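> I would like to see how this sequence folds:
(one chain, ligands or ions: 1)
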Amino acid sequence: MTLNKLKLGARPEGRTALNARWVVAHRDGGHRLLENGEVVIERDRILYVGSRFDGDVARRIDLGNVLISPGLIDLDALSDLDTTTLGVDCGPAWAKGRVWPQSYVERGPYEMYSQDELAFQKKFSFAQLLCNGITSALPIASLFYREWGETVAEFEAAAQAAGDLGLRVWLGPAYRAGGMVCTAPGVLEARFDEARGLAGLDTAIGFVNSQAGRFDGLVQGMLAPDRVETCTEALLTRTMAAAHDLDIPVRLHMAQGQMEYDTVQALHGTSAPQWLAGFGALNERLIAPHATLATDDDLKLYAEHGVSVAHCPLVFARSGAMLTSFGKLLRLGINIGMGTDTAPPDMVLNMAIGVMMARMAGDSQTETAPEHLFDAATLGGAAALNRPDLGRLEAGAKADVAVFDMSDALMAPQVDPIRTLILGASGRVTKAVFVDGRLSMLDGQVSGMEMAEARIRAQRQFDGLVSKYPERTWGHPKVEEIFPPTYPFLNEE
Ligand SMILES: [Zn+2]
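Model (predicted):
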């Protein structure tokens, strides 16, 4: 029998045994490599991981030369049509539509996508995550093209999309108490509206109360204050209190950028992690992308208070920055999870770059071995979410599984399977994904969305957004001036 006989988007009836050349099995507190192994799924759970299951099964599927892996956990999961790629080779950010100019603020910021477009881009990006072997996601999207924060309507649609596609998600509309405004070329000012931020928090709490637990628990809640420099002490204090009451994680970007560092220094006289520690807002619920500018003192506070770092190597490597360092965080005992953050939302590529950047940062070969990055993308994410039933293939764990093709012609020759995957540096070898026991992705196809058609719609939508960039770019230059081409166009007469 083959996977094609299973219904896409459905949970197979009875027990399904998957056997393969390689299985990442979890035993005695860590991942183990199991050669010629078998994983048995029953309903939403893993029933068995080992050499051969003795009991009855409804079907046995021989997957051949693949790696059966725990599904990957994405703590900063790209959930829009990525705009950071526009600015990678064109800077500075204030001149490229990534800081609102005064004129745009005066005109009145507005939603640059319709409600339909916001819903579509979430669903499309959720499908992309599944295609990359990601089974758990905490979505992240830009607020630059928004009127202010994210909306409940859009997140209700996101919850529905996650349920329809079969992706495990932690959702909460992002809110903020302020924003940066460009008042002159290169001059950035923080402007605050705390009441608006607190209203955003209340809205997010309402969303979590109404949506968490939907689709057999596939949808969970989180609180997502956007960027530390746009938050106030009252907003963060209330966020942490609400997260405690709701028993959900909080994700907050901090210690990640120079503009953030300068702004927080000017406002509070210290770094963001030290500012939060000062009013008791660092704790084990906090997931903090990206720590690329964290000082030793900041990291000590993370370790002391059990903060998890969401490590997203690709988006930083592109601009010449990195976490310094992966090995140092490990030595300090800080829990590291991983995120994709940018396009392509490819966790395998992020693991590969994570290994390379850590070695460039001077970490030892053993500290930066591929298995540590693989641990971060599985067990680290599960620890950040306090979900010991995720990120591992072990009897009793959730049946969240990624199947990676080890026979890909472009990824030859094969060595150790984890090394092969990470050296190959591409999630495109993801063959199938199960989430909560459902077959959510097979050979690049998901249930309820035709990917080739969706790709065309996504491009049309993205092009529409790019055409609006002059409105929120300092001096309102033409699109071609904001994002010049790599080579001059050849215009033949
Ligand atoms: Zn991020």
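
> which one is residue 432 nearest to, not counting chain neighbours?
residue 403 (4.2 Å; Cβ to Cβ, 6 or more residues apart in numbering). Bear in mind the C-beta positions are built from the backbone N, C-alpha and C, glycine included.

> Quick check: that neighbour is in a strand.
Yes. Counting by DSSP: H, G, I helix; E, B strand; the rest coil, residue 403 is part of a strand.

> Now the helix or strand harbouring residue 182 - C-alpha only, CSV.
Element membership for residue 182, per DSSP states H and E: strand 178-184. Extracted C-alpha coordinates of strand 178-184, given in CSV (Å, rounded to 0.1, in the frame of the first residue of the first chain):
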residue,chain,number,x,y,z
GLY,A,178,3.1,52.5,19.6
GLY,A,179,5.0,52.8,16.4
MET,A,180,8.0,54.3,14.8
VAL,A,181,7.6,57.4,12.6
CYS,A,182,10.2,58.8,10.2
THR,A,183,10.1,62.6,10.7
ALA,A,184,13.2,63.4,8.5
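
> And the helix or strand following that strand, what's buried?
Later in the chain than strand 178-184, the nearest helix or strand by DSSP H and E is strand 187-192. Going by neighbour count (16 or more other Cβ atoms under 10 Å), the buried part of strand 187-192 is 188, 190, 192.

> Kindly report the same for stretch 210-224.
211-212, 214-215, 218-224.

> average pLDDT across that stretch?
In this model, stretch 210-224 has an average pLDDT of 98.

> want to throw the buried residues of strand 187-192 into TSV with distance to the ion and pLDDT?
Output for those, formatted as TSV (distance: Cβ to the ion, whole Å; pLDDT from 0 to 100):
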residue	distance to the ion	pLDDT
188	19	92
190	19	91
192	22	97
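
> Those into a markdown table, with extra columns for distance to residue 182?
Formatted as a markdown table, the buried residues of strand 187-192 follow (distance: Cβ to Cβ, whole Å):
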| residue | distance to residue 182 |
| --- | --- |
| 188 | 6 |
| 190 | 12 |
| 192 | 16 |
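
> what number of residues lie near residue 7?
Number of residues near residue 7 (other Cβ atoms under 10 Å) recorded here: 12.

> do residue 345 as well
27.

> How about the one 3 residues further on?
For residue 348, the tally of surrounding residues (other Cβ under 10 Å) stands at 26.

> Now for it: which residues touch it?
132-133, 404, 421-422, 424-427, 429-430 (Cβ atoms under 8 Å, 6 or more residues apart in numbering).

> For the stretch 51-200 of the chain, list the residues in contact with the ion, please.
residue 76 (Cβ under 5 Å from the ion).

> Could you check which residue of the stretch 51-200 of the chain lies nearest the ion?
residue 76 (4.4 Å; Cβ to the ion).

> Turn the contacts of residue 348 into TSV, columns for pLDDT.
Output for the contacts of residue 348, formatted as TSV (pLDDT from 0 to 100):
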residue	pLDDT
132	98
133	98
404	98
421	98
422	97
424	96
425	96
426	97
427	97
429	98
430	98
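
> still on that earlier bit, surely the residue of the stretch 51-200 of the chain closest to the ion touches residue 345?
No. Residue 76 is beyond contact range of residue 345, at 9.9 Å (criterion: Cβ atoms under 8 Å).

> was I right about residue 190 contacting residue 229?
Yes. At 6.3 Å, residue 190 counts as touching residue 229 under the criterion of Cβ under 8 Å.

> Report the set of residues contacting both of these two.
Joint contacts of residue 190 and residue 229 (Cβ under 8 Å, 6+ apart) are 178, 180, 263, 267.

> Only whichever of those residues are buried, select them in ChimeraX.
Paste this into ChimeraX to select the buried members of those, with burial taken from 16+ other Cβ under 10 Å:
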select :178,180,263
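
> What is the most widely separated pair among the shared contacts of residue 190 and residue 229?
180 and 267 (11.8 Å; Cβ to Cβ).

> hang on, residue 21 is in a strand, isn't it?
Yes. Under three-state DSSP, residue 21 sits within a strand.

> Could you tell me the end-to-end distance of stretch 126-140?
Stretch 126-140 has an end-to-end distance of 11 Å (Cα to Cα, to the nearest Å).

> Report the distance from it to the chain centre.
Mean-position distance between stretch 126-140 and its chain equals 7 Å (Cα atoms, centre = their mean, to the nearest Å).

> Number the residues from 71 up from this point.
Fine by me, first position is 71 from now on; the one you just mentioned is stretch 196-210.

> Would you mark the buried spots in that stretch?
196-210.

> What about those, which are in strands?
Judged by DSSP state E, strands contain the following of the buried residues of stretch 196-210: 204-210.

> Out of the buried residues of stretch 280-294, list just those in helices.
Residues from those lying in helices, with DSSP state H as the criterion: 281, 284-285.

> ok, so of those residues, who is nearest residue 527?
residue 285 (24.4 Å).

> show me what contacts that closest one?
229, 232-233 are the contacts of residue 285 under Cβ under 8 Å, 6+ apart.

> Show me these that map onto helices.
If you go by DSSP H, the contacts of residue 285 have 229, 232-233 in helices.

> Between those residues, which sits nearest residue 542?
Closest approach to residue 542 among the ones in helices among the contacts of residue 285 (Cβ to Cβ): residue 229, at 29.0 Å.

> coming back round to it: ok, now how distant is the residue nearest to residue 502 from the ion?
According to Cβ to the ion, to the nearest Å, residue 473 and the ion sit 28 Å apart.

> Pretty sure that residue sits against residue 140.
No. Counting by Cβ under 8 Å, residue 473 stays clear of residue 140, with 11.0 Å between them.

> So the two - more neighbours on which side?
residue 140 (29 against 24).

> list the contacts for the more buried one?
Residue 140 sits next to 94, 96, 448, 460-463, 467, 470-472 when contact means Cβ under 8 Å, 6+ apart.

> repeat that with 6 Å
By Cβ atoms under 6 Å, 6 or more residues apart in numbering, the contact list for residue 140 reads 448, 461-463.

> Quick check: nearest residue in space to residue 293, chain neighbours excluded?
Using Cβ to Cβ, 6+ apart, the nearest residue to residue 293 is residue 320, at 4.7 Å.

> ok, the one you found touching residue 313?
Yes. Contact criterion Cβ atoms under 6 Å: residue 320 and residue 313 qualify, at 4.7 Å.

> so what's in contact with these two at the same time?
293, 355.

> on that earlier part again, just among the ones in helices among the contacts of residue 285, which is most surrounded?
Result: residue 232 is most packed of the ones in helices among the contacts of residue 285 (other Cβ under 10 Å), 27 neighbours.

> can you tell me the average pLDDT over stretch 209-223?
For stretch 209-223, the mean confidence score works out to 96.

> Check what contacts it and list those residues.
For stretch 209-223, the surrounding residues in contact (Cβ under 6 Å, 6+ apart) are 146-147, 149-150, 153, 168, 179-182, 185, 243-246, 270, 273, 277, 296.
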